[in-house]
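*Asks:* just the structure for this:
(2 chains)
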There are 2 protein chains.
Amino acid sequence: MGNRIIAISREFGSGGRTIGKEVADKLGIPCYDAELIEKIAEESGLAKEYIRINDEHANYGRFVVNNFAAGQTAGSFDLQEHVWAAQRQVIQDIADKESCVIVGRCADYILKDRHDVLKVFIHADIEKRADRVVNVYGESAESPIKRVKEKDKHRKAYHRYFTDTEWGQAQYYDICLDSGKLGIEKCVNVISELY
Amino acid sequence: MGNRIIAISREFGSGGRTIGKEVADKLGIPCYDAELIEKIAEESGLAKEYIRINDEHANYGRFVVNNFAAGQTAGSFDLQEHVWAAQRQVIQDIADKESCVIVGRCADYILKDRHDVLKVFIHADIEKRADRVVNVYGESAESPIKRVKEKDKHRKAYHRYFTDTEWGQAQYYDICLDSGKLGIEKCVNVISELY
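*Replies:* Next up, the predicted model:
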């Protein structure tokens, strides 16, 4: 069986999202990225803004009472578990329904037992990512390296908590690419050809 | 500047050596693998057999008096440092001299500051590797999974000792490929196209 789903995990600032969209365009299949937030919000009954903020960048391992969801009295930790359950469901439903690219949200882990998933990890060195965050994403140029490091730290903690795997360990992916060294276009071509 | 050197690091039984040879054939450049042993032996003044045995599979972190090299009175640890120095020199000389594929021997780390090196890591799940060890390499079928695990353990310790990096962490390579999932041929094609 060929690959029907491409699940892209990526370091912040590596261009993984852009690569996902370009691969999807090239293959004529949809790319789920921001669209996931809407679907997870719908599935969980929580606000989109909550899903957006409490994604891979959230802090795990500590309980902070959180008032984003009206009527919710439990700590944010319980909410994050609730979001995770919704996220699993949404991603499994999408994978059952159609060929597509899914960016982030641990789709690689959630779909790990399927044989039709190409699991991709995109990374780049920190200077190139900081540069991209400022010059492509248009974020503030103040301490971009510090910001990228913080995102890395949170994303790592998130992955460890929910997947019990080490983020960025090659053995968990079918292919890992350094977008800083190879460039976005080559990454898009390699992934598309493997599909 | 394009990639002139392809440095392949690989899990035992992943077919990384075969991939290296096929990539080299396809590109019409030499592949250094067993040839490295001869060169390192020559550079270090030690016996080929010593170099072959005390490679990435050796035990690091303990001192064992070793009599492989005639006249050598120091522990094997000092010898391993001596072999490492010779290995560095041989790999740097090869990289200065010609375009090529180099398999193993931490060539990716030794050449990490050059911009003309494509750093590749080949891995596969343990069942597929154990199967390859028995059916392709023709090794004894007794406990192949245990044998692969032991090789992994030693190779990891070797890399940590000499390179202070985590073996198989995607961030240290330009591209990592699961040869078990993708197959040898696709790995050869992807690497050749990136060259």
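
*Asks:* C-alpha only now, for contacts and for neighbours.
*Replies:* OK.

*Asks:* write out the residues of chain A neighbouring chain B.
*Replies:* By Cα under 8 Å from any Cα of the partner chain, the part of chain A that sits against chain B consists of A:123-125, A:168-171, A:173-178, A:181-182, A:186, A:190, A:194.

*Asks:* and those, which are buried?
*Replies:* Listed as buried from the residues of chain A next to chain B are A:123-125, A:168-171, A:173-178, A:181, A:186, A:190, A:194; burial here means 16 or more other Cα atoms under 10 Å in any protein chain shown.

*Asks:* and A:K39, how far from A:D93?
*Replies:* As defined by Cα to Cα, to the nearest Å, A:K39 lies at a distance of 10 Å from A:D93.

*Asks:* neighbour count: the two, which is higher?
*Replies:* Looking at A:K39 and A:D93 with other Cα atoms under 10 Å in any protein chain shown, you find the greater number of neighbours at A:K39, namely 20 against 11.

*Asks:* what's in contact with whichever strand or helix holds A:V23?
*Replies:* For A:V23, the host element (DSSP states H and E) is helix A:16-27. Residues outside helix A:16-27 that contact it (Cα atoms under 8 Å, 6 or more residues apart in numbering or on different chains): A:8-10, A:30-31, A:33, A:100-103, A:122-123, A:184-185, A:187-189, A:191-192.

*Asks:* which residue is the nearest non-sequential neighbour of the spatially most central residue of chain A?
*Replies:* Closest residue to the average C-alpha location of chain A: A:G104 at 1.3 Å, with Cα atoms, centre = their mean. Distances taken as Cα to Cα, 6 or more residues apart in numbering or on different chains place A:S9 nearest to A:G104, at 4.9 Å, with adjacent residues excluded.

*Asks:* list the contacts of the one you found.
*Replies:* Applying Cα under 8 Å, 6+ apart to A:S9 gives the contacts A:G16, A:V103, A:G104, A:R105, A:C106, A:A107, A:D108, A:K119, A:V120, A:F121, A:I122.

*Asks:* could I get those as CSV with secondary structure and pLDDT?
*Replies:* Putting the contacts of A:S9 into CSV (DSSP: H, G, I helix; E, B strand; the rest coil; pLDDT from 0 to 100) gives the following:
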residue, secondary structure, pLDDT
A:G16, helix, 95
A:V103, strand, 95
A:G104, coil, 90
A:R105, coil, 89
A:C106, coil, 91
A:A107, helix, 93
A:D108, helix, 93
A:K119, strand, 96
A:V120, strand, 97
A:F121, strand, 97
A:I122, strand, 97
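
*Asks:* in the longest helix anywhere in chain A, what counts as buried?
*Replies:* Counting residues, the longest helix found in chain A (DSSP state H) is helix A:76-97. For helix A:76-97, a neighbour-count test (16+ other Cα under 10 Å) marks A:76-77, A:79-80, A:83-84, A:86-91, A:94-95 as buried.

*Asks:* output the contacting helices and strands for it.
*Replies:* Packed against helix A:76-97 by the contact rule (3 or more Cα pairs under 8 Å, 6 or more residues apart in numbering or on different chains; DSSP states H and E) you find helix A:34-44, helix A:107-110.

*Asks:* looking at the ones you listed, which has the lowest confidence?
*Replies:* Lowest mean pLDDT of the helices and strands packed on helix A:76-97: helix A:34-44, a mean of 85.

*Asks:* got the CA coordinates for that helix in PDB?
*Replies:* Taking Å, rounded to 0.1, in the frame of the first residue of the first chain, the C-alpha atoms of helix A:34-44 are listed here in PDB:
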ATOM      1  CA  ALA A  34      -4.900  25.800  10.800                       C
ATOM      2  CA  GLU A  35      -8.100  23.900   9.600                       C
ATOM      3  CA  LEU A  36      -7.300  21.400  12.400                       C
ATOM      4  CA  ILE A  37      -7.900  24.000  15.000                       C
ATOM      5  CA  GLU A  38     -11.400  24.600  13.800                       C
ATOM      6  CA  LYS A  39     -12.100  20.900  13.700                       C
ATOM      7  CA  ILE A  40     -10.600  20.200  17.100                       C
ATOM      8  CA  ALA A  41     -12.600  23.200  18.600                       C
ATOM      9  CA  GLU A  42     -15.800  21.700  17.200                       C
ATOM     10  CA  GLU A  43     -15.000  18.200  18.400                       C
ATOM     11  CA  SER A  44     -14.000  19.300  21.900                       C
END
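
*Asks:* got the angle between that helix and helix A:16-27?
*Replies:* When axes from the mean of the first three to the mean of the last three Cα atoms, to 10 degrees is applied, the directions of helix A:34-44 and helix A:16-27 differ by 100 degrees.

*Asks:* helix A:34-44: which residues count as buried?
*Replies:* Of all the residues in helix A:34-44, those buried under the rule 16+ other Cα under 10 Å are A:L36, A:I37, A:E38, A:K39, A:I40, A:A41, A:E43, A:S44.

*Asks:* do I have it right that the fifth one meets A:V83?
*Replies:* Yes - the criterion here is Cα atoms under 8 Å, and A:I40 meets it with A:V83 at 7.2 Å.

*Asks:* between the two, which contacts overlap?
*Replies:* Contact criterion Cα under 8 Å, 6+ apart; residues shared by A:I40 and A:V83: A:I51.

*Asks:* follow-up on the earlier one: how far off centre is the helix holding A:V23?
*Replies:* The chain centroid and the centroid of helix A:16-27 are separated by 14 Å under Cα atoms, centre = their mean, to the nearest Å.

*Asks:* check which element follows that helix along the chain.
*Replies:* strand A:31-32.

*Asks:* so which residues make contact with that next one?
*Replies:* Contact with strand A:31-32 is made by A:G20, A:K21, A:A24, A:C100, A:V101, A:I102, A:V103, as judged by Cα under 8 Å, 6+ apart.

*Asks:* who does that strand pair up with?
*Replies:* Applying DSSP bridges, strand A:31-32 is found paired with strand A:100-103 (parallel).
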